[in-house]
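1. Okay, here's the prediction I keep looking at, along with the sequence it came from:
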Amino acid sequence: MRIVQLTPGTGSFYCGSCFRDIALAKGLKSRGHDVVVAPLYLPFMLEEYEEERPVLLGGINVYLQHKLPFLRHLPRFLQDWMDAPSLLRLASRRASMTKASELGEMTVSMLRGEEGRQVHELEKLVAWLRGIGAPDALLLSNAMLVGLARRLRAALGVPIYCTLQGEAPFLDALPAQHSRIAWETLGERAREIDAFLAVSRFTADLMSERLGLLAERVHVVPNGIDVEGATAPAPVSSSSSGPPTIGFLARLCADKGIDTLVEAFLQLKRRPGMEAVKLEAVGARLKEDRGLLRTLREKLERAGCRRDVRFRANVTREQKLEFLGRIDVLSVPATYGESFGLYLLEAWANGIPVVQPRHAAFPELIEATGGGLLCEPDDPGLLADGLEELLSNPARARELGAAGRAAVASDFTADRMARDVERFCTPGA
């Protein structure tokens, strides 16, 4: 089959959704399919080098045409210049192009598709797809793209499938009046989709309820990773060669719970036998995250623990694998309805147990893998209890980490994810 995957890029920081979609594309290609992955809005930021792809619905053009509709009549060479990946990367570093509180009107407009202000960019997307040849199926990375479906179906006449992964927190974070309209518009436009593929049962149930989707239209296709590419060459435990170390692998922001983990760490340091514990946090850092990190560093300094904590932003793939080879336990105590958490698969692939909040998709993933412990959400003290339980009992930690590693190798691979998606895209399957 010929499959086109449309995925929003981030321009200047790593994103789990992009990693998932690239892994899916590689899995489908390995199964003999012709797959094209096209970045929307911004270029991809990937851990491994790939040739730069043309950006469709370029973020600068989309933004300017929303604010000043007459700019859609600019000469084509100027529009193409504003879609240059280098310029889009620069813009993504200098502006908050993914901040929900500032994107209400534009989100609603994009969900309205051919009725929105970005119709000119939508027509350019249609022309590009016609130019490369109509695919057998279109995959949309998330439900924020369903506004494209009606026009794409009319132009290409192909089935369209949409992944569900993390839309609800973004939509709920929009200004109230825009959030309500966005949900209503999304529910209406959802009729254009042949099937929704949710990354977890939690996400499937949540979005089915919020959008009024029939059960037979929503299917769970858990995320998968390239297990070999996610495995550190170093030993999977650092406990024999250094102090016990807690790891955090996600965007360095409050939504991912980095402040909760720092407080849990400080409480843990005051407990007998835990004085030597370290914390290492790596992940994306956006412009708006710097203030929180400054506050956390000051808090650690006052507690006399600044040297026991290391923050590193936008690490390379090699640095991430080194990090995964050093830590003894991972925790990302996200405060919102996390749809999956690809960082858990990366930890488990390296035999690292996790301690996660008992909400969102985390309980089903822990149940499916046996790879860690759950604690009540947003409670640093209880999180510290879970971390202490594993750090003080290395045998138990190794047991949970081994269970997680076995589960990832059998049930959460990119090939398994590709097979599941292939089943929906194959005519007559």
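-> Received, thanks. Numbering: from 1, shown residues only.
2. ok now stretch 294-308, how far from the chain's centre?
-> Centroid separation for stretch 294-308 versus its chain: 29 Å, with CA atoms, centre = their mean, to the nearest Å.
3. in that stretch, what's buried?
-> By 16 or more other CB atoms under 10 Å, the buried positions in stretch 294-308 come out as L296, K299, L300, C305, D308. Just so you know, the C-beta spots here come from the backbone N, C-alpha and C atoms, and that holds for glycine as well.
4. what does stretch 353-369 give?
-> Residues 353-357, 359-362, 364-366, 369 are the ones in stretch 353-369 that count as buried (16+ other CB under 10 Å).
5. Equivalent analysis for stretch 33-44, please.
-> Within stretch 33-44, the residues that count as buried by 16+ other CB under 10 Å are H33, V35, V37, A38, P39, L40, Y41, L42, P43, F44.
6. which one is E192 nearest to, not counting chain neighbours?
-> Once flanking residues are discounted, E192 sits nearest to A149: 3.8 Å by CB to CB, 6 or more residues apart in numbering.
7. State the distance from that neighbour to C375.
-> Going from A149 to C375 by CB to CB, to the nearest Å gives 40 Å.
8. what mean pLDDT does stretch 294-304 have?
-> Mean pLDDT, computed over stretch 294-304, is 98.
9. I meant stretch 323-335, not that one.
-> Here the average pLDDT along stretch 323-335 is 97.
10. what distance separates the start and the end of that stretch?
-> End-to-end distance of stretch 323-335 (CA to CA, to the nearest Å): 24 Å.
11. Go through that stretch and flag the buried ones.
-> Using 16+ other CB under 10 Å as the test for burial, stretch 323-335 gives 323-335.
12. any idea how far G371 is from W348?
-> Where W348 is concerned, G371 sits at a distance of 5 Å (CB to CB).
13. repeat for F202
-> F202 is 18 Å from W348, by CB to CB.
14. correct me, but A360 touches G337?
-> Yes. Judged on CB atoms under 8 Å, A360 makes contact with G337 at a distance of 4.6 Å.
15. Any chance you could list residues touching both of these two?
-> With contacts defined as CB atoms under 8 Å, 6 or more residues apart in numbering, the residues adjacent to both A360 and G337 are F202.
16. all strands for the stretch 201-350 of the chain, in order.
-> Assigned by DSSP state E, counting those that start in this stretch, the stretch 201-350 of the chain shows strands spanning 218-220, 245-249, 278-283, 309-313, 329-330.
17. winner for burial among the ones you listed?
-> Mean neighbour count (mean count of other CB atoms under 10 Å) peaks for strand 329-330 among the strands of the stretch 201-350 of the chain, with a mean of 28.
18. Centre of the chain to that one, how far?
-> Distance of strand 329-330 from the chain centroid (CA atoms, centre = their mean) equals 19 Å.
19. same thing with stretch 277-288?
-> Relative to the chain's own centre, stretch 277-288 is displaced by 16 Å; criterion: CA atoms, centre = their mean.
20. can I get the CA coordinates of that stretch in CSV?
-> What follows is stretch 277-288, C-alpha atoms only, in CSV (Å, rounded to 0.1, in the frame of the first residue of the first chain):
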residue,chain,number,x,y,z
VAL,A,277,20.4,9.6,46.2
LYS,A,278,20.8,11.7,43.0
LEU,A,279,18.3,13.0,40.5
GLU,A,280,18.9,13.5,36.8
ALA,A,281,16.2,15.1,34.6
VAL,A,282,16.5,15.3,30.8
GLY,A,283,14.0,16.4,28.2
ALA,A,284,12.8,19.2,26.1
ARG,A,285,12.9,22.7,27.5
LEU,A,286,10.8,25.5,25.9
LYS,A,287,11.1,29.2,26.4
GLU,A,288,8.2,29.2,28.8
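21. Number the residues from 13 up from this point.
-> Let's use 13 as the start, then, which means that last one is stretch 289-300.
22. model confidence over it, on average?
-> Confidence for stretch 289-300, expressed as mean pLDDT, is 94.
23. Would you list the phi and psi of the residue lying farthest from the centre of the chain?
-> The outermost residue of the chain relative to its centre, with distances by CA atoms, centre = their mean, is P284 at 37.2 Å. Dihedral pair for P284: phi -60, psi 130, per degrees, to the nearest 10.
24. contacting residues for A180?
-> Contacts of A180 were listed using CB under 8 Å, 6+ apart, and they are L218, M219, R222, G349, S351.
25. P181: which of the residues you listed is nearest?
-> Nearest to P181, judged by CB to CB, of the contacts of A180 is G349 at 5.8 Å.
26. sorry, back to before: just curious, which of the buried residues of stretch 45-56 is nearest to E228?
-> H45 (25.0 Å).
27. May I have the residues that are in contact with the closest one?
-> By CB under 8 Å, 6+ apart, the neighbours of H45 are M13, R14, I15, E434.
28. Now do whichever strand or helix holds T19: distance to the chain's middle.
-> Assigned by DSSP states H and E, T19 belongs to strand 14-20. With CA atoms, centre = their mean as the basis, strand 14-20 stands 16 Å off its chain's centre.
29. And it, what does it pack against?
-> For strand 14-20, the elements it packs on are helix 28-42, strand 46-52, strand 149-152, judged by 3 or more CB pairs under 8 Å, 6 or more residues apart in numbering; DSSP states H and E.
30. Report the strands that pair with the shortest one, each with its relative direction.
-> The one in question is strand 149-152. Here strand 149-152 has these sheet partners by DSSP bridges: strand 14-20 (parallel), strand 172-176 (parallel).
31. Sounds good, over and out.
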